[in-house]
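>>> for reference, the sequence and a predicted model appear below.
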Amino acid sequence: VLRLLPLLLAAAVLAEDPPKLPDEEALALRERIWTALEDGSAKTVEALRIELERKRLTVRQVEELIRAGKPYADEQKGSDVRDVTVRFDGSEAEYGLHVPESYDPAKPMPLVVELHGTGDTGPHYLATGGWKELSEKEGFLVAAPTASRERGQIGTRYGAELVFDTIRDVRAHYNVDMDRVYLSGYSRGGHAAWWLGIFATDRFAGIAPRSGSVKQLLTVDSDKERIWEFFPNVRRLPIYILHGAQDPMVPSEAAHAAAARLKELEGDYVFDERNPGGHTIYADRNDELWAFWKEKARDPLPKKASWVMNDKLFARAWWLTIDEIRASGGTLEYVIQDHTGHTIERRNLAIDTARATAEVEGRTTIRITGRNCGKVTLRLDDRMVDLDQEVTIWVEGKAEKHKFTRSMKTLLETAAERLDPGMAFTVKTTVRVP
């Protein structure tokens, strides 16, 4: 018993919460950590890891500092036009931003991202879409990026990364509640809101396509009906569909079909069909839309994460990533063209969709099922499972036991990915799916 005592004491210390740092030291460390995470380069993040470990900080202490968020100074309020770099290719864009007078840098605030239609700009759409007045009344930030017509707003990596980097840039300056980021778009921006809602579901607390069509999202073989294969992705995503019954440009048929599918899935949605409404923004419905959204927040750690995909650009959902697609039907080249017919992007998409589900049971068990996926990666931490115990992962009926070690490197890298405190993890593990 005496020989076991040191081991038992060590285990007890590991299981306890990390010792609390003095407030002044914790604040300085939070500023240092978030400055490095916002830089985001592998070199900077690795240098931060070395620095924190030299200070003898534990993974649990750094995790607590990251979860506490970035300390913000007061910033300009009102309307502004800001520049943003689309990081994957270094291109520059602009976005309109409105910050209400009620903004308090010490309190996280919701963010609404608005996507404009063809021929418009983000700042102009923000100025005319009715959101500024509601932002002042209800207390939320609004950002509206300008998408290059030549680069593509829907279906392209540029279109997706522009939205993600706009959120990232707003968050770098303002205290955004990352569990209350909402996406809305009009016309072509409405198509994009559907697209990102379906394929980047875990980034948003709700979407609102206005006069947009889910069937404008071409699938790998141009069969627009195949979009319904991916609709289970939005089962838990609040969706407010705004459409005119007599829309001459984007007929309401697809909006009706989407509402019917959401009803089958028992989804959280409103179908607000305006009759005899045409093709317009319906800014007069912003109050109703916000009333639907305002009490809804994203769950960053659902016990059950399910994902359907055929595009490596959108491999991740919450804490689950499909790393390998077993496409027995092969792949086809997805070609995206601009309004002149010029090719702006090519990607290979799998003809067969890959599906995976990972579910946490209790504190020490995870079950994984999949179809057409060769391997998946799980991001884990103490909020989900007991990392001081063995964790059993069941894959298609076969069990594997794992003893995981919290990693400073994994924590910092996952925090830097999205600058999202709720989506930072201390463990990553890859599992093969038969």
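Structure's in. What do you need?

>>> hey, C-alpha coordinates of stretch 23-35 in PDB?
Listed in PDB are the C-alpha atoms of stretch 23-35, where the atom choice follows Å, rounded to 0.1, in the frame of the first residue of the first chain:
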ATOM      1  CA  ASP A  23      -5.400  37.300 -12.200                       C
ATOM      2  CA  GLU A  24      -2.700  39.600 -13.500                       C
ATOM      3  CA  GLU A  25      -0.600  36.700 -14.800                       C
ATOM      4  CA  ALA A  26      -3.600  35.000 -16.400                       C
ATOM      5  CA  LEU A  27      -4.600  38.200 -18.200                       C
ATOM      6  CA  ALA A  28      -1.100  38.700 -19.600                       C
ATOM      7  CA  LEU A  29      -1.000  35.000 -20.700                       C
ATOM      8  CA  ARG A  30      -4.400  35.200 -22.400                       C
ATOM      9  CA  GLU A  31      -3.200  38.200 -24.400                       C
ATOM     10  CA  ARG A  32       0.000  36.500 -25.400                       C
ATOM     11  CA  ILE A  33      -1.800  33.200 -26.300                       C
ATOM     12  CA  TRP A  34      -4.500  34.900 -28.400                       C
ATOM     13  CA  THR A  35      -2.000  37.100 -30.300                       C
END
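
>>> residues making contact with stretch 286-304?
Stretch 286-304 is contacted from outside by 110, 129-131, 134, 138, 140, 177-182, 184, 202-206, 208, 236, 238, 240, 242, 268, 270, 272, 318-319, 357-360, 383-384, 420, 422-423, using C-beta atoms under 8 Å, 6 or more residues apart in numbering. Glycine gets a C-beta too; all of them are placed from N, C-alpha and C.

>>> could you redo the last one with a cut-off of 7 Å?
Surrounding stretch 286-304, the residues in contact under the criterion C-beta atoms under 7 Å, 6 or more residues apart in numbering are 130-131, 134, 138, 179-180, 182, 204-206, 208, 238, 240, 270, 272, 318-319, 357, 359-360, 383-384, 422-423.

>>> check stretch 309-316 too.
Here stretch 309-316 has contacts from 157, 160, 199-200, 220, 321-323, 325, 347, 349-350, 353-354, using C-beta under 7 Å, 6+ apart.

>>> can you put these in JSON lines and add distance to Gly40 and neighbour count?
Rendered in JSON lines, the data for the contacts of stretch 309-316 read as follows (distance: C-beta to C-beta, whole Å; neighbours: other C-beta atoms under 10 Å):
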{"residue": "Arg157", "distance to Gly40": "17", "neighbour count": "17"}
{"residue": "Ala160", "distance to Gly40": "17", "neighbour count": "23"}
{"residue": "Phe199", "distance to Gly40": "22", "neighbour count": "23"}
{"residue": "Ala200", "distance to Gly40": "18", "neighbour count": "19"}
{"residue": "Val220", "distance to Gly40": "31", "neighbour count": "21"}
{"residue": "Thr321", "distance to Gly40": "19", "neighbour count": "21"}
{"residue": "Ile322", "distance to Gly40": "24", "neighbour count": "25"}
{"residue": "Asp323", "distance to Gly40": "22", "neighbour count": "18"}
{"residue": "Ile325", "distance to Gly40": "27", "neighbour count": "20"}
{"residue": "Arg347", "distance to Gly40": "24", "neighbour count": "17"}
{"residue": "Leu349", "distance to Gly40": "28", "neighbour count": "20"}
{"residue": "Ala350", "distance to Gly40": "29", "neighbour count": "20"}
{"residue": "Thr353", "distance to Gly40": "31", "neighbour count": "22"}
{"residue": "Ala354", "distance to Gly40": "28", "neighbour count": "25"}
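
>>> in strands only, show me those residues.
In strands, defined here by DSSP state E, the members of the contacts of stretch 309-316 are Thr321, Ile322, Asp323, Ile325, Arg347, Leu349, Ala350, Ala354.

>>> in JSON lines, list those residues along with distance to Leu115.
Listed next are those as JSON lines, based on distance: C-beta to C-beta, whole Å:
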{"residue": "Thr321", "distance to Leu115": "26"}
{"residue": "Ile322", "distance to Leu115": "26"}
{"residue": "Asp323", "distance to Leu115": "30"}
{"residue": "Ile325", "distance to Leu115": "28"}
{"residue": "Arg347", "distance to Leu115": "21"}
{"residue": "Leu349", "distance to Leu115": "23"}
{"residue": "Ala350", "distance to Leu115": "27"}
{"residue": "Ala354", "distance to Leu115": "27"}
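
>>> of those, closest to Ala144?
Arg347 (26.4 Å; C-beta to C-beta).

>>> for Lys296, see how far away the closest residue to the closest one other than its chain neighbours is.
Spatial nearest neighbour of Arg347, excluding adjacent residues (C-beta to C-beta, 6 or more residues apart in numbering): Tyr334 at 4.7 Å. For Tyr334, the distance to Lys296 under the criterion C-beta to C-beta, to the nearest Å works out to 32 Å.

>>> so between those two, which is more surrounded?
Looking at Tyr334 and Lys296 with other C-beta atoms under 10 Å, you find the greater number of neighbours at Tyr334, namely 20 against 15.

>>> over to that one. Which of the three states is it?
At Tyr334, secondary structure determined by DSSP: H, G, I helix; E, B strand; the rest coil is strand.

>>> let me know whether it touches Ile351 as I believe.
No: at 10.9 Å, Tyr334 does not count as touching Ile351 under the criterion of C-beta atoms under 7 Å.

>>> and the residue nearest to Arg347, how close does it get to Arg149?
Distance, Tyr334 to Arg149, by C-beta to C-beta: 19 Å.

>>> tally of neighbours for Glu324?
Glu324 is surrounded by 17 other residues when neighbours are defined as other C-beta under 10 Å.

>>> what residues are bridge-paired with it?
Taking DSSP bridges as the rule, Glu324 bridges to Lys375.

>>> following the helix or strand hosting Gly190, which helix or strand comes up?
Secondary structure assigned from DSSP states H and E places Gly190 in helix 188-199. Per DSSP H and E, helix 188-199 leads on to strand 206-210 as the next helix or strand towards the C-terminus.

>>> just checking: what are the partner strands of that next one?
According to DSSP bridges, the neighbouring strands of strand 206-210, each with its direction, are strand 176-186 (parallel), strand 239-244 (parallel).

>>> let me know the angle separating the first one from helix 188-199.
For strand 176-186 against helix 188-199, the angle by axes from the mean of the first three to the mean of the last three C-alpha atoms, to 10 degrees is 130 degrees.

>>> in strand 176-186, what counts as buried?
Buried residues in strand 176-186, counting neighbours by 16 or more other C-beta atoms under 10 Å, are found at Val176, Asp177, Met178, Asp179, Arg180, Val181, Tyr182, Leu183, Ser184, Gly185, Tyr186.
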